[in-house]
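Student: Pasting a predicted model and its sequence here:
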Amino acid sequence: MENLSPLDTTKPDTFKQPKGLYLLFFTELWERYGFYTVQTLLVLFLTKAFLFTDQQAYGLFGAFGALIYATPVIGGYLADKFLGFRKAIFFGGALFILGYLGLAFFYKTHWFYLALAFLICGNGFFKSCVSSLLGELYKKNDIRRESGFTLFYMGINVGSFSASIFGAWVAVTYGWNYAFGMAAIGMCIGMLTLGFGKRLLEDKGLSPHHATSNHKRYFGLNIDYFIYLTTIIVIIGISVLLHFYNIISWGMVLFSISVIAYLLYTATKLDKQQFNRMIALIILLIFSVFFWALYFQMFMSSTLFIERVVNRHIGHWVIPTAMFQAIDPISIIILSPLLSALWLNLAKKNKNLSIPMKFSMGILFMALGFLLMSFAVTATKMHNNISWIWVIIAFILQTIGELCLSPVGLAMITILSPRKLTGMLMGVWFLTLGAATATAGKIADFAAIPKNLTNPSQIAHVYSHTFAQFGIAGLLIAIFLISMTPWIKRLTE
């Protein structure tokens, strides 16, 4: 937000990004390649390989997503207090590799759940810490911050695009296990990139100086090794819990409420300016849950909509359903530099949109995407033969919404949060994704197709009706946030 303090734009290197940005860009790119390979294929895999019903697939996906995004709250806290961002990232990367290898070799057995648990905990240590480490490369009021985070977000989507195209092709051509194996290789490349290039980070992300408890021993182990061992035990517990995905969804609700309560309690100990900023941050985090609950339909109800209703033929070639997930990242790759430049130029002129307004625009564009897909079904005479072009346009609209909200939200955390809470609050940002994924799994049930419903037109009608409901709800939420924007802006001043 440009009104936090004056920005220095007089230095010649003001717009030159830190070298560490590019190192983290490529590290995150490879990590996201592996992650999005799993996220893109999971619902299709569950309905085809495990023969899950729609509701079962949505439920497990929602539980997996809820946990994979909730764990960064804990991982961020442990990195802040004990490990430091670098150790946490390397440990998370190792867990990711083990998880992907587990999917590749045991994907047809119940060991599959253990592999998912490795991914969940790996994300907990990796995800929030990479973003927090990037934030340390900038001073508090650095004008390059939002631009840098937007470029970083583009790296995420290079990995996502590669996973959507290459991962989908490998899965269709060679099988699920080969696609998951390639995810492990990608994660190895990411870890090697960070290991060889860590000098570019200088002294950023090392173990915190205040962590004097690092010298204490727990059951004969120092705190680092105690955390590593405890994580393995937690992984085993999560692998069992994943069988009961409804419990996870309700647990996610209670966990989210408790985290918000803790943040409010913490805010009361801050000075007035930090208190107001914390309240603004919490409000925007809550609104982001609504956005992400709609966004994650892309991997749930929208995926099965494409599989069952959309005409995916180009000549004699049938586009693999998972490849449609590439629309989102390729649009971000193309559009993110443009939006990065736009935000930077508006900031120089002191005309930048406020963060609450950008959030509102994000929700609005997401809603328009769903309304367009609903209209496409209604406007097509053969309701089960929707042109794939409609999906591309709708996903591009939703991508614009994502660009208005997600990278701006990451930057918001590093701007509004107190320094000692940055890692945990970055984790809370990803907790909102977890709460949203659990919510998405529930609202996706409105689009669930019963096994006994086989009429193509009736199936298309279910999707059309549900997407219209999603779109209208999004419009109402966006309008409500716009009405609150002046008040939220005052809190951040």
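Tutor: Now that the structure is in, tell me what you want to look at. Computed from a predicted structure; not experimentally measured. Numbering: from 1, shown residues only.

Student: Name the helix or strand for the closest residue to L98 other than its chain neighbours, please.
Tutor: Closest residue to L98 apart from its sequence neighbours, by CB to CB, 6 or more residues apart in numbering: F118 at 4.9 Å. (Each C-beta comes from the backbone N, C-alpha and C, glycine too.) When secondary structure is defined by DSSP states H and E, F118 falls within helix 111-136.

Student: Do me a favour and average the pLDDT over that helix.
Tutor: Taken as a whole, helix 111-136 has an average pLDDT of 89.

Student: Same check on stretch 363-370?
Tutor: For stretch 363-370, the per-residue pLDDT averages 97.

Student: what sits up against that stretch?
Tutor: Contacts with stretch 363-370, where a contact means CB atoms under 8 Å, 6 or more residues apart in numbering, come from 287, 290-291, 294-295, 297, 394-395, 397-398, 400-402, 404-405, 467-468, 470-475, 477-478, 481.

Student: again, only this time at 7 Å
Tutor: Counting by CB atoms under 7 Å, 6 or more residues apart in numbering, stretch 363-370 makes contact with 290-291, 294-295, 394-395, 397-398, 400-401, 404, 467, 470-471, 474-475, 477-478, 481, all of which sit outside it.

Student: now those: which count as buried?
Tutor: Burial by neighbour count, 16 or more other CB atoms under 10 Å: within the contacts of stretch 363-370 this picks out 290-291, 294-295, 394-395, 397-398, 400-401, 404, 467, 470-471, 474-475, 477-478, 481.

Student: Let me see the confidence value for H210.
Tutor: The confidence metric pLDDT takes the value 51 at H210.

Student: Can you pull out the low-pLDDT segments for the stretch 201-350 of the chain?
Tutor: Scanning the stretch 201-350 of the chain for pLDDT under 70 picks out 203, 205, 207-220.

Student: Of all the residues in the host helix or strand of F370, which ones are buried?
Tutor: Following DSSP H and E, the helix or strand that holds F370 is helix 355-379. Of all the residues in helix 355-379, those buried under the rule 16+ other CB under 10 Å are 355-377.

Student: Which strand or helix spans the residue nearest to V158 when sequence neighbours are not counted?
Tutor: The shortest distance from V158 to any residue other than its chain neighbours is 5.1 Å, reached at L29 (CB to CB, 6+ apart). In this structure, L29 sits in helix 19-48 according to DSSP H and E.

Student: Could you point out the helix or strand that follows that helix?
Tutor: helix 54-78.

Student: ok, and what's touching the helix or strand following that following helix?
Tutor: Using DSSP H and E, the helix or strand that follows helix 54-78 towards the C-terminus is helix 85-106. Contacts of helix 85-106 from elsewhere in the structure, counted by CB under 7 Å, 6+ apart, are 31, 34, 38, 75, 78-79, 111-112, 114-115, 118-119, 121-126, 129-130, 132-133, 177, 180-181, 183-184, 187-188, 190-191, 194, 198, 205-207, 224, 228.

Student: Using PyMOL, make a named selection holding only the buried ones among those residues.
Tutor: To isolate in PyMOL the members of the contacts of helix 85-106 that are buried, counting by 16+ other CB under 10 Å, one can use:
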select buried, resi 31+34+38+75+78+79+112+114+115+118+119+121+122+123+124+125+126+129+130+132+133+177+180+181+183+184+187+188+190+191+194+198+205+207+224+228
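
Student: what about the strands in this structure?
Tutor: Under the criterion DSSP state E, the chain contains strands at 217-218, 221-222, 310-311, 313-314, 317-318, 386-387.

Student: So which elements touch the third one?
Tutor: Pointing back at strand 310-311 there. Counting contacts by 3 or more CB pairs under 7 Å, 6 or more residues apart in numbering; DSSP states H and E, strand 310-311 is packed against strand 386-387, helix 388-416.

Student: Buried residues of the last one, list them for me.
Tutor: Of the residues in helix 388-416, those buried under the neighbour-count criterion (16+ other CB under 10 Å) are 390-391, 393-416.

Student: ok, now stretch 36-55?
Tutor: With burial defined by 16+ other CB under 10 Å, the residues of stretch 36-55 counted as buried are 36-47, 52, 54.

Student: what distance separates it from the middle of the whole chain?
Tutor: When C-alpha coordinates are averaged (CA atoms, centre = their mean, to the nearest Å), stretch 36-55 and its chain have centres 18 Å apart.

Student: same check, this time on stretch 235-255
Tutor: Relative to the chain's own centre, stretch 235-255 is displaced by 19 Å; criterion: CA atoms, centre = their mean.

Student: ok, now stretch 130-137?
Tutor: Using CA atoms, centre = their mean, the distance between the centre of stretch 130-137 and that of its chain works out at 16 Å.

Student: Identify all contacting residues around it.
Tutor: The set of residues external to stretch 130-137 that reach it, using CB under 7 Å, 6+ apart, is 18, 20-21, 24, 27-28, 76, 85, 89, 152, 204-205, 410, 414, 422-423, 426.
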